[in-house]
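[1] 3D model of this:
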Amino acid sequence: MFLIFDPLYWVLAIFGYMIMFLLAGIVAPRVAGKVAGKFSLYTSMALLLIMILSISAGIIYAIFSFAKITIDFYALLVFLLAINFIIYLISPYMINISYGAKPSAELQRVVDEVASRLRVKSPKAVVVQSPPNAFAYGNFITGKFVAVSDSLMNMLSRDELQAVVGHEIGHHKHKDNLFMLLLGILPSVIFYLGYMLIHSSTRNENRGTQLAVLGIAAVIVSFVVQVLVLAFSRLREYFADMEGVVTSGKEAMQRSLAKIHYFYHRYPSVMEEVTDSKLRALFIYAIMNAIAKPFVTRADIERLKKERVSAIQEFLSTHPPIPKRLAFIDNLKF
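    Have a look, this model is predicted:
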């Protein structure tokens, strides 16, 4: 059955996204407000990872313990792993083609220098044709890449460029692409198990209600886990920012983020192009609201740190809002 033609699939998806927006708009900000500043970045990542794995394991265990129906869980898991693994394998080739990635001796020198500072093997440096941004990608076949757009290279000073490259090498160093790929499978597994339970409930006269309730619970949990995975992704961005700071200092890292941020709000049409990109989760920059200015001073950075951000935008994003990233960098101690 093609899910796209199944009305039940669309009802569950819409219901799940309503739950997701409710969590992002009301529940998550209140929880975040209570725990903000109480844990270190490392502790926060560990606790959140434990929460994601525990909730996922709990609902999957409940399904198999109480549903008592035959669900080809392993076939589903293998299917999702295979699809994501194929995407993982071919995505570097698709990125290179889509963005016209070309090796750059100039950028490679910067990448080699930064990699040396961070004591890691140097990735391949490529320049891509796109609005100002940078991202890390690659796999064990193609090798690791750090991509920086030509427009961003022209916009940043050398120390700012080093900070951005440090951030991207940080993603490779922390194995974030593989980490998020694996975690991202969990919400899908739970959602499809819930979907299958609800379908099964219509064919089971004795336990139909029980299966339907458990299936709906699984669908809700899948979107809760998705929100938590997004939160974990934002923590990994802070983690990568630390590498940028180690590379080039707080000031350079903050200036680079602020410059990219203000550029996109100076040119809304360019911002739409990045927002619509399927690769936006890889980018160093995430779209948030702010005042548009072409260049930045220390006063601009301080002003940006005080900008209010939408709670829904933040909690449905893979990246933290720029004001919070700037404040996080301020509080770093080495």
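[2] got a pLDDT number for Ser116?
    Ser116 is assigned a pLDDT of 97 by the prediction.
[3] Renumber starting at 555 from here on
    Will do, 555 is the new start, and the previous item becomes Ser670.
[4] That one reaches Ser676, doesn't it?
    Yes - between Ser670 and Ser676 a contact is recorded at 7.5 Å, counting by Cβ atoms under 8 Å. Where C-beta positions appear, they are placed from N, C-alpha and C, glycine not excepted.
[5] Compare those two and say which one has the larger neighbour count.
    In this view Ser670 and Ser676 are compared by other Cβ atoms under 10 Å, and Ser676 has more residues nearby, 17 against 11.
[6] What sits closest to the more buried one if chain neighbours are left out?
    Nearest residue to Ser676, sequence neighbours excluded (Cβ to Cβ, 6 or more residues apart in numbering): Ala669, at 3.8 Å.
[7] tell me the helices in the protein, going along the chain?
    Secondary structure of the chain (DSSP state H): helices at 561-576, 582-589, 595-620, 627-652, 659-672, 704-709, 712-727, 730-755, 762-802, 804-820, 822-829, 852-859, 865-869, 876-884.
[8] Centre of the chain to the fifth one, how far?
    Centre-to-centre, helix 659-672 and its host chain are 25 Å apart (Cα atoms, centre = their mean, to the nearest Å).
[9] cool, and stretch 792-804?
    Counting by Cα atoms, centre = their mean, stretch 792-804 comes out at 18 Å from the chain centroid.
[10] Ok, which of the helices of the chain comes nearest Gly692?
    Across the helices of the chain, Gly692 has its closest neighbour in helix 627-652 (5.3 Å, Cβ to Cβ).
[11] what is the rounded mean pLDDT of the closest one?
    86.
[12] from what I can see Asn687 touches Ser703, true?
    Yes - proximity of Asn687 to Ser703 meets the contact threshold set by Cβ under 8 Å, at 5.4 Å.
[13] Compare those two (neighbour count), which wins?
    More crowded of Asn687 and Ser703, by other Cβ under 10 Å: Asn687, with 24 against 20.
[14] In terms of pLDDT, where does that one sit?
    Taking Asn687 on its own, its pLDDT is 90.
[15] do the same with His873
    88.
[16] Likewise for the one 10 residues further on?
    On pLDDT, Ile883 comes in at 95.
[17] residue contacts, it?
    By Cβ atoms under 8 Å, 6 or more residues apart in numbering, the residues touching Ile883 are 795, 799, 804, 807-808.
[18] now swap in Gln780 and tell me
    Gln780 touches 574, 741, counting by Cβ under 8 Å, 6+ apart.
[19] follow-up on the earlier one: shared neighbours, Ser670 and Ser676?
    Common neighbours of Ser670 and Ser676 (Cβ under 8 Å, 6+ apart) do not exist.
[20] Tell me how far Leu576 lies from Val665.
    Leu576 is 43 Å from Val665, where distance means Cβ to Cβ, to the nearest Å.
[21] More neighbours: which of the two?
    Val665 (25 against 13).
[22] Neighbours of Arg862, how many?
    Residues near Arg862, counting by other Cβ under 10 Å: 9.
[23] and it, what pLDDT?
    Arg862 is given a pLDDT of 84.
[24] same question, the one 4 residues further on
    According to the model's per-residue confidence, Ile866 sits at a pLDDT of 77.
[25] any idea how far it lies from Lys675?
    39 Å.
[26] Please say which of the two ends up with more neighbours.
    Set side by side, Ile866 and Lys675 show more neighbours around Ile866, with 17 against 12, by other Cβ under 10 Å.
[27] Can you pull out the low-pLDDT segments for this protein?
    555-559, 586-591, 622-627, 821-849, 888 (pLDDT under 70).
[28] Nearest to Thr696 among the helices of the chain would be which one?
    helix 627-652 (4.2 Å).
[29] For that closest one, what is the distance to the chain centroid?
    17 Å.
[30] before we move on, what about stretch 701-716?
    22 Å.
[31] show me the contacts for the residue nearest to Ile744 when sequence neighbours are not counted.
    Excluding its sequence neighbours, the residue lying closest to Ile744 (Cβ to Cβ, 6+ apart) is Ser776, at 3.9 Å. Counting by Cβ under 8 Å, 6+ apart, Ser776 makes contact with 570, 741-742, 744-745, 748.
[32] repeat that for 7 Å
    Under the criterion of Cβ atoms under 7 Å, 6 or more residues apart in numbering, the contact list for Ser776 reads 570, 741, 744-745, 748.
[33] And for Tyr792?
    Contacts for Tyr792 were tallied using Cβ under 7 Å, 6+ apart; they are 595, 874, 879, 882.
[34] how far away is the third one from Val682?
    Put plainly, it is Arg879. Separation of Arg879 from Val682 (Cβ to Cβ): 22 Å.
[35] more neighbours, those two?
    Arg879 (26 against 22).
[36] these two touch, right, Phe575 and Ala865?
    No - judged on Cβ atoms under 7 Å, Phe575 makes no contact with Ala865 at a distance of 10.5 Å.
[37] mind checking how far the residue nearest to Ile744 is from Lys727?
    30 Å.
[38] One more: Ser787?
    16 Å.
[39] likewise Leu630?
    Distance of Leu630 to Lys727, given as Cβ to Cβ: 33 Å.
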